[in-house]
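S.K.: When you get a sec, could you give me coordinates for this:
(one chain, ligands or ions: 2)
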Amino acid sequence: MPNPALIAHRRGSLQLSCPESDAADYRVVVMGAARVGKTCIVSQFLHDRYLTDYHETVEELHRGEFVMDGTRIILDILDTSGAYQFPAMRKLAISTSDAFVLVFSVDCEKSFEEMKAMRDQILEERETCDLPIVIVGNKSDVEVKTRIIEKETAEALVAVEWGHGYVETSAKEKVNIEDIFKELVYQAKVQQFRRMPAFRRGRKSMPEISIMTTHTKRKKRNSCNIS
Ligand SMILES: Nc1nc2c(ncn2[C@@H]2O[C@H](COP(=O)(O)OP(=O)(O)OP(=O)(O)O)[C@@H](O)[C@H]2O)c(=O)[nH]1
Ligand SMILES: [Mg+2]
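M.R.: Ligands and ions are numbered 1, 2, ... in the order given. Next up, the predicted model:
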């Protein structure tokens with residue numbers, strides 16, 4: 001059953017007319033090689049549903065929300081194609097997004113390399129490293145002998161060398177899925193904080209951030225018209 005607390009839609013099928021003045025809004029793009037599990041991750045996050053039948057994505061826009069420190073966080077989540085047959089769409093997604101989720105599959109070396117190339121493209125097109133980026137190693141449920149990218153290897157590169165967030169997930173078993181989006185909002189808050197004058201003047205401590213997802217508790221807001 002769809003999760004009533006999260007409002008998800010495909011591009012073009014929903015008119016959203018709610019006033020969002022009290023909410024922080026982030027446009028998030030989910031990128032990664034084909035079949036790494038991007039759509040399954042989004043589906044688990046928004047609908048608590050795992051998709052066993054594979055359908056190649058072209059591009060789908062979803063909307064979800066949760067509450068962090070009393071602030072409503074609205075995420076416009078763009079699920080993209082892993083096939084490189086839509087370079088213009090990828091370029092547009094990169095230029096218009098606030099935050100990035102880059103997914104690879106821990107049993108696929110090629111997807112790890114593609115994730116690196118996508119990150120390079122993002123940094124090049126946005127001309128900055130100062131972006132909220134979370135790297136996701138999906139399919140952590142696979143057998144040990146099938147696994148190719150070790151957690152330590154990915155963490156050393158992503159968290160230590162690059163300074164991004166790293167989360168290992170299983171969309172199949174719904175492990176750590178919410179952590180992706182919590183980490184992403186945390187990264188976005190860190191970026192905002194770094195840009196604050198007080199921090200530039202030398203303040204080193206970070207604000208306390210606690211994130212609570214509420215999509216099992218919240219009710220769909222009446223002011224949103226879904227057609
Ligand atoms: N074992 C395992 N399989 C998964 C997991 N997540 C996704 N899959 C499977 O991997 C296949 C691809 O999943 P998708 O979510 O459609 O992949 P995608 O990255 O969206 O693929 P594109 O839309 O083509 O870019 C499907 O058959 C899923 O059932 C996971 O966590 N573990
Ligand atoms: Mg997909």
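S.K.: Please count neighbours and contacts with C-alpha atoms only from this point.
M.R.: OK.
S.K.: Any part of the host helix or strand of S95 near ligand 1?
M.R.: Assigned by DSSP states H and E, S95 belongs to helix 87-96. No. Counting by C-alpha under 6 Å from any ligand atom, ligand 1 is not contacted by helix 87-96; separation bottoms out at 11.9 Å.
S.K.: helices or strands up against the following helix or strand past that helix?
M.R.: Counting by DSSP H and E, the next helix or strand C-terminal to helix 87-96 is strand 99-105. Other elements packing on strand 99-105 under the criterion 3 or more C-alpha pairs under 8 Å, 6 or more residues apart in numbering; DSSP states H and E are strand 23-32, helix 109-126, strand 133-138, helix 177-195.
S.K.: highest average neighbour count across the ones you listed?
M.R.: Highest mean neighbour count among those (mean count of other C-alpha atoms under 10 Å): strand 133-138, with a mean of 28.
S.K.: Return the list of strands paired to it, each annotated with direction.
M.R.: strand 99-105 (parallel), strand 165-168 (parallel) (DSSP bridges).
S.K.: out of those, nearest to ligand 1?
M.R.: strand 99-105 (7.7 Å; C-alpha to the nearest ligand atom).
S.K.: hmm, the closest one in reach of ligand 1?
M.R.: No. Residues of strand 99-105 contacting ligand 1 under C-alpha under 6 Å from any ligand atom: none, with a closest distance of 7.7 Å.
S.K.: interface residues of the chain facing ligand 1?
M.R.: 33-40, 51-57, 81-82, 138-139, 141-142, 170-172.
S.K.: which among those end up buried?
M.R.: Using 16 or more other C-alpha atoms under 10 Å as the burial test, the residues of the chain next to ligand 1 include 33-40, 81-82, 138-139, 141, 170-172 as buried.
S.K.: need the contact list for the closest residue to E168 other than its chain neighbours.
M.R.: Distances taken as C-alpha to C-alpha, 6 or more residues apart in numbering put G137 closest to E168, at 4.6 Å, once the chain neighbours are dropped. Neighbour list for G137: 103-106, 154, 166-169 [criterion: C-alpha atoms under 8 Å, 6 or more residues apart in numbering].
S.K.: Turn these into a markdown table, including pLDDT, distance to V185 and neighbour count.
M.R.: Shown next, in a markdown table, are these (pLDDT from 0 to 100; distance: C-alpha to C-alpha, whole Å; neighbours: other C-alpha atoms under 10 Å):
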| residue | pLDDT | distance to V185 | neighbour count |
| --- | --- | --- | --- |
| V103 | 98 | 17 | 30 |
| F104 | 98 | 20 | 29 |
| S105 | 98 | 22 | 29 |
| V106 | 98 | 24 | 26 |
| A154 | 98 | 21 | 20 |
| Y166 | 96 | 13 | 25 |
| V167 | 97 | 13 | 24 |
| E168 | 98 | 17 | 24 |
| T169 | 98 | 17 | 25 |
